[in-house]
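*Asks:* sequence first, predicted model second:
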Protein chains: 2
Amino acid sequence: MRWFFNRNQGDSMKIVALDIGGANTKILVWEDGKSESQLEYFPFWTEKQRFKDFLSSLDLDADIVAVTMTAELCDVFSSKEEGAQFIADCCFDVFERPLFLTSHSDLRRHDEIKDFKTLAATNWLASKYYLEKRFDEGVLVDVGSTTTDIIAFGPGASGFASDFERLKTGRLLYTGFLRTPANTIVTSVPVNGSLVPVASEYFAITADVYNILWGVAYTCDTPDGAGKTYDDSLRRVSRLLCAEPDEVKDEVLGICEYIHDVQVEKIAGAIENAVEDFESEEIIAAGVGRRLAIEAAKKIEIDALDLETQVDIAWNLPCLGLLELVLDSREV
Amino acid sequence: MRWFFNRNQGDSMKIVALDIGGANTKILVWEDGKSESQLEYFPFWTEKQRFKDFLSSLDLDADIVAVTMTAELCDVFSSKEEGAQFIADCCFDVFERPLFLTSHSDLRRHDEIKDFKTLAATNWLASKYYLEKRFDEGVLVDVGSTTTDIIAFGPGASGFASDFERLKTGRLLYTGFLRTPANTIVTSVPVNGSLVPVASEYFAITADVYNILWGVAYTCDTPDGAGKTYDDSLRRVSRLLCAEPDEVKDEVLGICEYIHDVQVEKIAGAIENAVEDFESEEIIAAGVGRRLAIEAAKKIEIDALDLETQVDIAWNLPCLGLLELVLDSREV
């Protein structure tokens, strides 16, 4: 697909790429070869009705706006189709003739979309497009705040698959660096050498685990709505054992290391399958939690290239890919 | 401890027992030998500030009000002590000289409480008191909406233990019949004969699983705030696989049975330890999910007595125990 964009030679040109996730919206603003990225926390499960206002507030005046999404999975929508259409409608109302990435890796206007479900979960295709242009072929492991995407790219790589299909094949791991409830990674944790089952409440997330282990940029909401200090995370992890911090203070580092180990182990298992299928001997690690991908690769003794050393703003890979798609598709 | 209650012979007498949990408040109103129970859904994590109004709205005029609690664990409180004091203060403001059950199994007035932490997680002691009066000794397995309490009672049974201690010894299992997120029970589910990892979002709970399998009284909030029909539960369980209902409709019964099996297996393991420690050959099954306790007992080939066949309103065991404590403690 190609479309025509009327402009005079020498006019300046501004393109905006949006990756609309359930928790975060990533934005890339490109103007005459220079680009800037931003990350906006916009959680659909509480804020959905404000989405159009949110888009307006971004004040993104541009010649072309292109959109990819994953937020349609959020359970404020009764189906992916409803979610995708809601998001597309809001974009259509706020931006001038926005373009939407479809599961066929092409860009469509709102009035060209027959089935809004084809807009669902497309953001990894944008990443794939970027990677193929930049690295020809390989396996990307993108550990985000919420999920881990394993994307094989290049001539042998397969095309679109739904989230459900990618879960089945191990290409989508629903485990992330910040928002993942600790008790969905482990059902018990070590205390004085024994494994003790944890509470099944939404008490602590991976942001708390890595906040305690390493200190992190805690860019999502906290489970209890309280602060983001070390002590706050300590209290939340303690609560997983129905305990006060002083009851488990000697155990808490070991508990966090254990949760971390299990999470890395899961990622390592998925990487192992992917590199085997794709006959690759290394991965490219990306995302806010790429450290986990690098550790996982080490565990299974394969090399990992940190995308951050290769690409500016590597955390915004889907928007980088979307921009390339726009630039390659347009005819000026 | 004993206290004196001034009344004339022949006056009518009204006692109210309250078991204040994080999600539900159970109430028993006893008047001259007749009692009535009620269950009120009051989720602290969203409604905490309304708690005093909630208590007032119950319109519980009584000669004696006695209180036990577990809601202090809710993460709207920064510590159990803060939570227990908040709850006790609200009760003190609304009721006339209420009594509070402490970890020493005695009842105290508000001004007699030195350390409010001693009010934390006492409701299973009330149940234990009732059981010892009624059955002498045994092992109770109380599968509630949120947790499963395994309570050994009788001469050989130990006294108070905190939630943390009970988690460690396997006497508190943080798994329940309604509110437990399915992805804290299993990390993957069977689809076409393979295990597929599930999403780590708060998408579906045990109420959805048992709603699909058997139909249940869905007395808690739904994860997505939507309805409580079979189709609503189907949509929520499908979403665990990032799927629409039509993508997994042939699998969903098998998925629910699998989650159910794993949950029963966990309960069975805990029962096995408890009956071994206590040299018991049967259990008493109670709570809204007592069916799971009965199935678990069958799995390990021990007998289960359904408390519902022995006691009216067996789901309100803590309040029944609290009432007995009041009746046994008072001197008229």
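*Replies:* Cool, the structure landed.
*Asks:* so which bits of stretch A:315-329 are buried?
*Replies:* A:315-326, A:329 (16 or more other C-beta atoms under 10 Å in any protein chain shown). All C-beta atoms are positioned from the backbone trio N, CA, C, and that covers glycine.
*Asks:* apologies, that question was intended for stretch A:123-137.
*Replies:* For stretch A:123-137, a neighbour-count test (16+ other C-beta under 10 Å) marks A:123, A:124, A:125, A:126, A:127, A:128, A:129, A:130, A:131, A:132, A:134, A:135 as buried.
*Asks:* the last one reaches residue A:283, doesn't it?
*Replies:* No: assessed by C-beta atoms under 8 Å, residue A:135 is found out of contact with residue A:283, at 11.3 Å.
*Asks:* redo the buried residues of stretch A:315-329 as JSON lines? Include pLDDT and secondary structure.
*Replies:* Formatted as JSON lines, the buried residues of stretch A:315-329 follow (pLDDT from 0 to 100; DSSP: H, G, I helix; E, B strand; the rest coil):
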{"residue": "A:315", "pLDDT": "87", "secondary structure": "helix"}
{"residue": "A:316", "pLDDT": "91", "secondary structure": "helix"}
{"residue": "A:317", "pLDDT": "92", "secondary structure": "helix"}
{"residue": "A:318", "pLDDT": "94", "secondary structure": "helix"}
{"residue": "A:319", "pLDDT": "96", "secondary structure": "helix"}
{"residue": "A:320", "pLDDT": "95", "secondary structure": "helix"}
{"residue": "A:321", "pLDDT": "95", "secondary structure": "helix"}
{"residue": "A:322", "pLDDT": "97", "secondary structure": "helix"}
{"residue": "A:323", "pLDDT": "96", "secondary structure": "helix"}
{"residue": "A:324", "pLDDT": "95", "secondary structure": "helix"}
{"residue": "A:325", "pLDDT": "96", "secondary structure": "helix"}
{"residue": "A:326", "pLDDT": "96", "secondary structure": "helix"}
{"residue": "A:329", "pLDDT": "88", "secondary structure": "helix"}
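*Asks:* from those, which single one is nearest residue B:211?
*Replies:* residue A:318 (36.5 Å; C-beta to C-beta).
*Asks:* nearest to chain B among the buried residues of stretch A:123-137?
*Replies:* Ranked by distance to chain B (C-beta to the nearest C-beta), these are led by residue A:124 at 12.6 Å.
*Asks:* any idea how far chain B is from residue A:178?
*Replies:* 12 Å (C-beta to the nearest C-beta, to the nearest Å).
*Asks:* can I assume that residue sits in a strand?
*Replies:* No: Residue A:178: not assigned to a strand; according to DSSP: H, G, I helix; E, B strand; the rest coil it is coil.
*Asks:* please tell me the pLDDT value assigned to residue A:2.
*Replies:* The model reports residue A:2 with a pLDDT of 38.
*Asks:* ah, wrong one, I meant residue A:33
*Replies:* 88.
*Asks:* all the strands of the stretch 51-200 of chain A, residue numbers only.
*Replies:* Under the criterion DSSP state E, counting those that start in this stretch, the stretch 51-200 of chain A carries strands at the ranges A:64-69, A:99-101, A:107-109, A:138-143, A:148-153, A:172-173, A:188-191, A:194-197.
*Asks:* so what's the gap between the fifth one and the chain middle?
*Replies:* The reference is to strand A:148-153. Centroid displacement of strand A:148-153 relative to its chain, using C-alpha atoms, centre = their mean, to the nearest Å, is 11 Å.
*Asks:* tabulate the CA atom coordinates of that strand in PDB.
*Replies:* C-alpha atoms of strand A:148-153 as PDB (Å, rounded to 0.1, in the frame of the first residue of the first chain):
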ATOM      1  CA  THR A 148       8.400 -10.200  27.100                       C
ATOM      2  CA  ASP A 149       8.200 -10.400  23.300                       C
ATOM      3  CA  ILE A 150      10.500 -12.800  21.500                       C
ATOM      4  CA  ILE A 151      10.600 -11.800  17.900                       C
ATOM      5  CA  ALA A 152      12.400 -13.800  15.300                       C
ATOM      6  CA  PHE A 153      13.100 -11.500  12.200                       C
END
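*Asks:* what packs against that strand?
*Replies:* helix A:123-135, strand A:138-143, strand A:172-173, helix A:252-277 (3 or more C-beta pairs under 8 Å, 6 or more residues apart in numbering or on different chains; DSSP states H and E).
*Asks:* nearest to residue B:250, out of the ones you listed?
*Replies:* strand A:172-173 (21.4 Å).
*Asks:* pLDDT on the closest one, on average?
*Replies:* Here the average pLDDT along strand A:172-173 is 96.
*Asks:* and residue A:237, what are its phi and psi?
*Replies:* Residue A:237 adopts backbone torsions of phi -70, psi -40, taken as degrees, to the nearest 10.
*Asks:* show me the contacts for the closest residue to it other than its chain neighbours.
*Replies:* What sits nearest to residue A:237 in space, not counting adjacent residues and going by C-beta to C-beta, 6 or more residues apart in numbering or on different chains, is residue A:204, at 4.7 Å. Residue A:204 is in contact with A:181, A:182, A:183, A:223, A:233, A:236, A:237, A:239, A:240, counting by C-beta atoms under 8 Å, 6 or more residues apart in numbering or on different chains.
*Asks:* measure the residue nearest to the second one when sequence neighbours are not counted to residue B:153 for me?
*Replies:* Spelled out, that is residue A:182. Leaving aside its chain neighbours, residue A:182 sits nearest to residue A:204 (4.8 Å; criterion: C-beta to C-beta, 6+ apart). Here residue A:204 is placed at a distance of 33 Å from residue B:153 (C-beta to C-beta, to the nearest Å).
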